[in-house]
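> Mind looking at a prediction? Sequence and model below.
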Amino acid sequence: MSRGTGSGLAVVDTRSGAVTADVVLSGGYNAAASGVAVSPDGSRVYVLYGVGHGSPVSLLGVVDTATDTLVASVAPPAQSTPAGYLAGNLGALTVSADGSRVYVTQFGPTTPQRPTEEGTRVLQFDTGLQAFTGAVTVPGHFTGSVVARPGGGDVYVVSDEGLTHLDTSGGSPVVEGTNGAAAGSFAGLALSPDDTRLFGVNGGGRGFTVDLATDAVTASYDITAHRWLRTLSVNAAGTRLYTLSQDSSLLAVDTATDAIVPGEGVPGLSASDLALGPDGHTFYAVSGAELRIIGF
């Protein structure tokens with residue numbers, strides 16, 4: 001969350017809905033916090049944030065959930081930039097299934113006077129060393145979601161130029177290939193519960209499905225034509241996708257028919273990001289400076 005005096009992370013008891021702790025990340029005026037991810041054992045929360053009003057989201061914070069304190073704040077390795085350009089914002093993150101690594105996306109170099117340059121990156125953070133240990137450039141100017149497959153070794157990131165498959169089995173991520181048919185700025189990704197498919201939504205209001213055995217797009221369809229869709233969650237049964245639309249509505253999509261399910265959405269949610277809890281019916285939504293809990 002962010003507020004006039006800085007940025008922070010709210011800790012919420014999901015049984016009562018009460019805020020039990022407020023972890024200060026930065027004391028800078030109107031500092032911003034964005035992406036958040038939890039380690040598989042629940043002992044750490046990783047969050048991306050900036051240090052003040054107008055500053056880039058440029059730090060990875062590590063929060064100890066036992067004490068609700070910020071135990072590390074780590075800057076990414078330097079990004080190669082043209083003269084007059086600044087390093088791109090950190091965009092999204094995910095934690096590997098074994099909790100040993102965090103993968104963080106970074107936009108291309110930026111400047112207020114010109115469009116953002118090519119040069120998006122995926123950064124690898126070693127949770128034991130508390131340090132970034134690798135980086136790889138992927139096609140695109142902006143990234144969307146990043147996901148790590150449960151079996152380890154494979155990470156997928158989507159950008160405005162396509163879906164890129166990374167091999168992370170070695171010391172640093174390596175690009176295996178990019179599928180331009182699954183492009184989408186700020187697009188959302190979610191793995192199917194059986195780890196055979198990757199679902200995606202993009203800024204053009206379209207959804208797509210990728211067969212992870214071949215990395216081929218097996219379905220591409222309109223959800224809300226010409227309206228951007230952002231962020232994506234899938235239920236434990238793999239029967240529903242949940243996404244946020246341009247008109248601030250939460251939409252439910254049937255994975256069997258690729259169609260919106262009437263009556264299962266939440267209109268006027270006004271959220272920028274969301275995650276579906278393991279109970280399958282509780283959403284955690286970021287709305288402005290707040291974390292909202294929504295029973296579905």
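The structure has been received and is ready for your questions.
> alpha carbons only for contacts and neighbour counts from here, please
Noted.
> Leaving out chain neighbours, which residue sits closest to N235?
Of all residues not flanking N235 in the chain, G280 sits nearest, at 5.7 Å (Cα to Cα, 6 or more residues apart in numbering).
> can you pull the buried residues of stretch 76-92?
Across stretch 76-92, burial judged by 16 or more other Cα atoms under 10 Å covers 76, 79, 81, 85-92.
> In contact with L232, which residues are there?
188-190, 200-201, 241-244, 274-275 (Cα atoms under 8 Å, 6 or more residues apart in numbering).
> what lines up beside the helix or strand hosting it in the sheet?
Assigned by DSSP states H and E, L232 belongs to strand 229-234. As defined by DSSP bridges, the strand partners of strand 229-234 come to strand 240-245 (antiparallel).
> Kindly export the strand holding L232 (C-alpha atoms) in CSV.
Taking C-alpha atoms only, strand 229-234 is exported to CSV below (Å, rounded to 0.1, in the frame of the first residue of the first chain):
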residue,chain,number,x,y,z
LEU,A,229,-7.7,-7.1,-19.2
ARG,A,230,-5.1,-7.2,-16.5
THR,A,231,-4.0,-9.8,-13.9
LEU,A,232,-5.3,-13.4,-13.9
SER,A,233,-6.2,-16.1,-11.4
VAL,A,234,-7.5,-19.7,-11.9
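> Now it: average pLDDT?
For strand 229-234, the mean pLDDT works out to 84.
> Show the end-to-end separation of stretch 199-211, please.
Distance between the two ends of stretch 199-211: 9 Å, counting by Cα to Cα, to the nearest Å.
> likewise stretch 228-238?
End-to-end distance (Cα to Cα), stretch 228-238: 23 Å.
> Between which two of the buried residues of stretch 76-92 is the distance greatest?
Taking Cα to Cα as the measure, the buried residues of stretch 76-92 span a maximum distance of 21.1 Å, between Y85 and A92.
> Check which helix or strand Y156 maps to.
Per DSSP H and E: strand 154-159 holds Y156.
> what comes into contact with that strand?
Taking Cα under 8 Å, 6+ apart as the rule, strand 154-159 contacts 139-149, 163-169, 182-189.
> filter the residues you listed to the buried ones?
Buried by 16+ other Cα under 10 Å: 139-149, 163-168, 182-189, out of those.
> And L166, how far from V36?
21 Å.
> Also V71?
Taken as Cα to Cα, the span from V71 to V36 is 15 Å.
> And for V63?
For V63 relative to V36 (Cα to Cα), the value is 11 Å.
> shared neighbours, these two?
Residues touching both V63 and V36 (Cα under 8 Å, 6+ apart) are 45-47.
> Just give the number of residues close to the residue nearest to N235.
13 (other Cα atoms under 10 Å).
> Using the three-state scheme, assign it.
coil (DSSP: H, G, I helix; E, B strand; the rest coil).
> What of A181?
Here A181 is recorded as helix under three-state DSSP.
> my guess is it meets V217, correct?
Yes: counting by Cα atoms under 8 Å, A181 does reach V217; the two are 7.0 Å apart.
> With neighbour numbers in mind, choose between the two.
Set A181 next to V217 and count neighbours by other Cα under 10 Å: V217 wins out with 19 against 14.
> Just confirm the more buried one is within a strand.
Yes: the assignment for V217 is a strand, going by three-state DSSP.
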